[in-house]
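Trainee: quick one, structure for this:
(chains A and B)
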Amino acid sequence: MKNLFKSNMSIMLVFSAIVLTAPIWLTPLGANYPDLLQKFAIFGLFAVGYNILFGLTGYLSFGHAAFLGVGSYTAVWSLKLLSMNVFLGIILGTIMSGIFALAIGYLSLRRSGIYFSILTLAFAQMAYSLAYSVLTPITNGETGLQIAANDPRYLDSLVGISQQGQGIPSTNFFGVLLKSWDGYFGFYFAAVILILGFYLSLRVFRSPFGLKLRAIKSNQTRMTYTGFNTRPYLLSAFVISGMYAGLAGSLMVAIDPLAGAERMQWTASGEVVLMTILGGVGTLIGPMLGAVVIKYFENIFSALNNSELHQVFNFLPSFLEETMVFIVSPFVGSGWHLTLGALFMLVVIFLPGGMMEGVTKINSFLKRKFGKTDAEESDVSIQQEVQAKAQQGGE
Amino acid sequence: MDAILIQILNGLDKGAAYALIALGLTLAFGTLGIVNFAHGALFMLGAFCAVTFSKVISFSKQIKDESVTIFDAYKEIPYLEIWWGDFGALIVDFAVPLSIIVAIPVMILVGIIMERGLIKHFYKRTHAEQILVTFGLAIVIQEIIKHFFGANPIPTPAPDIVSGSAAVGALVGLSENLVYPWWRLIYIVFSGLIIFAVFAFLQFTTFGMVVRAGMADRETVGLLGINIQKRFTIVFAIAATVAGLAGVMYSPILPPDYHMGMDFLVLSFVVVVVGGMGSLGGAVAAGFLLGVLQSFASMNEVKSILPGIDQIIIYLVAVVILLVRPRGLMGREGVFED
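Mentor: Residues are numbered from 1 along each chain as shown, chains lettered A, B, ... in the order given. A predicted model of the protein is given here:
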């Protein structure tokens, strides 16, 4: 497995193929509709970016939703004031959230550990409360910021595209409407950006920069004692992941042009942490996987109701059917968050490395069972021992 | 002057809730080294103890209303009132204060189960993992409550006799117009008592002394042949009870709903950090301080100068404190500093 995935090229080819053919292979799972596919791509991007901070440096930020919100608001304003072309909105949204991340990161990164988490949480909550109250002229408060038919759009009118009198215009990408191809254009647009984002994350992971971030995670004190200033590297990682969040936020707007303050709430930040943990912190593909799994189950579970549950279990004898429905029903529908919380706890307790750790464990189990010579096996176990010792030393 | 006094009372009121939750958080952190994101959920559980208790004792029977003669009217009369007359009615009326009696054992039990069942396994894990698992637990508790009680806030009124307002102004020789709800005053006093009790317990009993010694140097206390783990579990149960009682007494002020805990948790965490991680006195002082600050910030005079300051003042203070003095107001040097 490992050799196959060694070169960047082959990873990118496989990843792109999987993402771009998602509408085909997700059909049997009942997830082949643009709305959900777009969510996969957008939250995947969010989680991939978050992983650059949390996965590589170990700094647990509880405020990344704020950057997502900033990106969303900026993108909507770009749609309102400049142009309905989302290209500009996405660029501006990403830059704007990058600026915010720079400011917040500069302050927050003066502390580490739980203090860092609380600082980011405090900044995000400030952004959230302000967006709800004082910044209403910019954010439109509880209603959320939306585009209207009579917005100025200076750039559009400059080049002579007039959409006056045609109702609320749709977002486009250089003339192609994002809702064209039955909405699949929106998905492919997001998917291409996701692939680019993933490529960037891959490069970061495998660069000297990524290596330094990992070194900071394993032992920051040692890094500083060797005369290494960690702050700029941490700040870059923070800004990069904040820009990913802004990119995801502006993509949301590109597909559905509205932005609300609830996107910035700390539970929204919690969600991306969840995705990253569930998939596997610090692994390349894990966060993406976590995002897909969470969004998929959210969609499936929250849509189930009691009568559908009866259908699911109707192969059982009737008293068993009743009990099963009784047991399962609190977990679906509006109780979906219960499933999420329970799943989350189980993962943190039993699989701190997330689903990717599970995959690795199964993999090594299979290898032990089949087709591994004793010599190789002992080699692996020695490696593991060395790793374990290195970890102990690091703590 | 009146306005200022009212704002101080308002602040003490909010601050009491922050202080009680922050006290529990700090106890859990100082003893077990656990960052407990589920502590807000315990506060919420306490409030729902009051809801459940008042529901149970006001189980009612439909009785024909004799005073209405034109048509058949029915009114609901609690069984307790039917059985015991006025005394029963009194009990129903005093449901919230009485539910303390129920809440204490329930919260102790919840605390012990939580500590033994989950938190025990997370002593050696990183703080990030502790935060995450307790965050998950908080979601689970919330959703269970939501499943049984619904998503809407449930009004739980205070006893009739204290539902009015006290003429605070007349008491301290200020204007007659200065009034403040009785229940909120009771709440402030009650919080003060609980805080006092916890401190007295830690300061003046042998058990408390051992716990304090354990907080300072766990290993040495263990070497002296004391089962410090067991005591810490009990301390965690006490922390849970403190949060629960805060919830019980807060339920007439804020009708409980399933996510009230989360709203308080984030603020309480900020309070703990401002006070200094691991410092009990700091947590209490910072709780009241931030409560008062917040209520002053929500005065119209302040808001007209700095719009929106009431929303962010607590976070702002926390950010400043963390950046300037990371050990917090009263934190010991070296605790969690880098």
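
Trainee: look up phi and psi at the nearest residue to A:Met84 once chain neighbours are set aside.
Mentor: Nearest residue to A:Met84, sequence neighbours excluded (Cβ to Cβ, 6 or more residues apart in numbering or on different chains): A:Pro169, at 5.2 Å. Placement of C-beta: from N, CA and C, glycine included. The phi/psi pair for A:Pro169 (degrees, to the nearest 10) reads phi -70, psi 160.

Trainee: pull up the gap between A:Pro169 and A:Asp35, please.
Mentor: Computed as Cβ to Cβ, to the nearest Å, the A:Pro169 to A:Asp35 distance reads 20 Å.

Trainee: the two: which has the busier surroundings?
Mentor: A:Pro169 (19 against 13; other Cβ atoms under 10 Å in any protein chain shown).

Trainee: ok, back up a step: next one, pLDDT for the residue nearest to A:Met84 please.
Mentor: At A:Pro169, the predicted lDDT confidence score is 75.

Trainee: got a list of what B:Thr52 touches?
Mentor: Applying Cβ atoms under 8 Å, 6 or more residues apart in numbering or on different chains, one finds that B:Thr52 lies in contact with B:Ser99.

Trainee: helix or strand for it, which one?
Mentor: Element membership for B:Thr52, per DSSP states H and E: helix B:39-57.

Trainee: mind giving me the packing neighbours of the very next helix or strand once past that helix?
Mentor: Downstream of helix B:39-57, the first helix or strand assigned by DSSP H and E is strand B:60-64. Counting contacts by 3 or more Cβ pairs under 8 Å, 6 or more residues apart in numbering or on different chains; DSSP states H and E, strand B:60-64 is packed against strand B:74-78, helix B:79-84.

Trainee: would you convert these into a markdown table that also reports distance to chain A and mean neighbour count?
Mentor: Output for these, formatted as a markdown table (distance: least, Cβ to the nearest Cβ, whole Å; neighbours: other Cβ atoms under 10 Å in any protein chain shown):
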| stretch | distance to chain A | mean neighbour count |
| --- | --- | --- |
| strand B:74-78 | 29 | 14 |
| helix B:79-84 | 29 | 15 |
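
Trainee: any chance of those in a markdown table, plus mean pLDDT and distance to A:Ser207?
Mentor: A markdown table is the format used below for those (pLDDT from 0 to 100; distance: least, Cβ to Cβ, whole Å):
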| stretch | mean pLDDT | distance to A:Ser207 |
| --- | --- | --- |
| strand B:74-78 | 72 | 71 |
| helix B:79-84 | 72 | 72 |
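
Trainee: any stretches of the chain with poor pLDDT?
Mentor: Picking chain A for this. Where chain A drops to pLDDT under 70, the residues are A:1-6, A:160-167, A:371-395.

Trainee: ah, no, chain B please
Mentor: B:1, B:65, B:68, B:168-176, B:333-338.

Trainee: what does it put close to chain A?
Mentor: By the rule Cβ under 8 Å from any Cβ of the partner chain, the part of chain B lying against chain A is B:35, B:118, B:121, B:125, B:127-129, B:131-133, B:135-140, B:142-144, B:146-147, B:262, B:266, B:269-270, B:273, B:277, B:307-308, B:311-312, B:315-316, B:318-319, B:322-323, B:326, B:336, B:338.

Trainee: give me phi/psi at the residue sitting furthest away from the middle of chain B?
Mentor: Within chain B, B:Ile70 marks the point farthest from the mean C-alpha position, 48.7 Å out by Cα atoms, centre = their mean. B:Ile70 adopts backbone torsions of phi -70, psi -40, taken as degrees, to the nearest 10.

Trainee: just to revisit the earlier point, report the buried residues of the helix holding B:Thr52.
Mentor: Neighbour counts using 16 or more other Cβ atoms under 10 Å in any protein chain shown place B:39-54, B:57 of helix B:39-57 among the buried residues.

Trainee: residues near the residue in the stretch 101-250 of chain B that chain A sits nearest to, how many?
Mentor: Nearest residue of the stretch 101-250 of chain B to chain A: B:Ile139, at 3.1 Å (Cβ to the nearest Cβ). The tally of other residues near B:Ile139 (other Cβ under 10 Å) stands at 27.

Trainee: quick one, what contacts it?
Mentor: A:337-338, A:340-341, A:344.

Trainee: what kind of secondary structure is it in?
Mentor: helix (DSSP: H, G, I helix; E, B strand; the rest coil).

Trainee: again with B:Pro307
Mentor: Per three-state DSSP, B:Pro307 ends up coil.

Trainee: secondary structure class for the residue lying closest to A:Ala149 once chain neighbours are set aside?
Mentor: Closest residue to A:Ala149 apart from its sequence neighbours, by Cβ to Cβ, 6+ apart: A:Ile168 at 5.1 Å. Of the three states, A:Ile168 takes coil under three-state DSSP.

Trainee: same check, this time on A:Arg214
Mentor: helix.

Trainee: can you report how many residues lie near the residue nearest to it when sequence neighbours are not counted?
Mentor: Nearest residue to A:Arg214, sequence neighbours excluded (Cβ to Cβ, 6+ apart): A:Leu56, at 5.7 Å. By other Cβ under 10 Å, 27 other residues sit near A:Leu56.

Trainee: got a list of what A:Leu56 touches?
Mentor: A:204-205, A:210, A:213-214, A:217, A:237, A:282.

Trainee: mark which of these are buried, thanks.
Mentor: Using 16+ other Cβ under 10 Å, the buried members of the contacts of A:Leu56 are A:204-205, A:210, A:213, A:217, A:237, A:282.

Trainee: re earlier: make a ChimeraX selection of the buried ones in the residues of chain B next to chain A.
Mentor: Selection command for ChimeraX covering only the buried members of the residues of chain B next to chain A, criterion 16+ other Cβ under 10 Å:
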select /B:35,118,127,128,129,131,132,133,135,136,137,138,139,140,142,143,144,146,147,262,266,269,270,273,277,308,311,312,315,316,318,319,322,326,336
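
Trainee: just the ones in strands from the residues of chain B next to chain A, please.
Mentor: In this view, the residues of chain B next to chain A have no member that belongs to strands under DSSP state E.

Trainee: now name the helix or strand holding A:Met223.
Mentor: Here A:Met223 is assigned to helix A:220-225, by DSSP H and E.
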